[in-house]
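K.L.:
here are the coordinates; sequence isn't available:
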């Protein structure tokens, strides 16, 4: 799924595919056929868990931003953050950029993200607070 400079963005369709794949994994673990007509809630209750895969992806995205912003050896992340790649824009509505998705998750602007991600302790606090706002437990998602 490479879409030029949109390789970092996650669309709603991608989120739905991740959630569907996670449910498929759970059903395979329990050996539940689709013909059994069991609901996803029933399968999750039997597993004794909830959906955590998508929240893990979002949490790791925030972790990676902090890591990449602190890396002084390359300007690749800054180039991606600014979105200044040489590519022809496709038809239709422009997709959400990587920066837009991170800004939405953290509630910060680009300049503030760049500044606060330089300090690891501050960035972890922001990451945990944004995960808490989305009902994600970063410790559970990391397991």
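P.N.:
Alright, I've got the coordinates. What you are looking at is a predicted structure, and each value in this text was computed from that prediction instead of being measured. Residues are numbered from 1 along each chain as shown.
K.L.:
the protein: helices as residue ranges?
P.N.:
12-30, 40-47, 53-70, 76-82, 98-106, 110-116, 120-133, 138-141 (DSSP state H).
K.L.:
with mean neighbour count added, can I get these in CSV?
P.N.:
Glycine gets a C-beta too; all of them are placed from N, C-alpha and C. Below are the helices of the chain laid out as CSV (neighbours: other CB atoms under 10 Å):
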stretch, mean neighbour count
helix 12-30, 13
helix 40-47, 13
helix 53-70, 17
helix 76-82, 15
helix 98-106, 17
helix 110-116, 15
helix 120-133, 15
helix 138-141, 15
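K.L.:
worst mean pLDDT among these?
P.N.:
Note on the helices of the chain: helix 138-141 shows the lowest mean pLDDT, a mean of 48.
K.L.:
coming back round to it: nearest to residue 91, out of the helices of the chain?
P.N.:
The closest of those to residue 91 is helix 12-30. By CB to CB, the value is 17.3 Å.
K.L.:
what's the closest one packed up against?
P.N.:
In terms of contacts (3 or more CB pairs under 8 Å, 6 or more residues apart in numbering; DSSP states H and E), helix 12-30 is packed against helix 40-47, helix 53-70.
K.L.:
hmm, back to that, just put the helices of the chain in a markdown table and tack on distance to residue 89.
P.N.:
Converted to a markdown table, those look like this (distance: least, CB to CB, whole Å):
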| stretch | distance to residue 89 |
| --- | --- |
| helix 12-30 | 20 |
| helix 40-47 | 38 |
| helix 53-70 | 24 |
| helix 76-82 | 16 |
| helix 98-106 | 15 |
| helix 110-116 | 20 |
| helix 120-133 | 29 |
| helix 138-141 | 34 |
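K.L.:
right, so of the ones you listed, which gets closest to residue 92?
P.N.:
Closest to residue 92 of the helices of the chain, according to CB to CB: helix 12-30, at 13.7 Å.
K.L.:
hmm, who's touching the closest one?
P.N.:
1, 33-34, 40, 43-44, 46-47, 49, 51-54, 57 (CB atoms under 8 Å, 6 or more residues apart in numbering).
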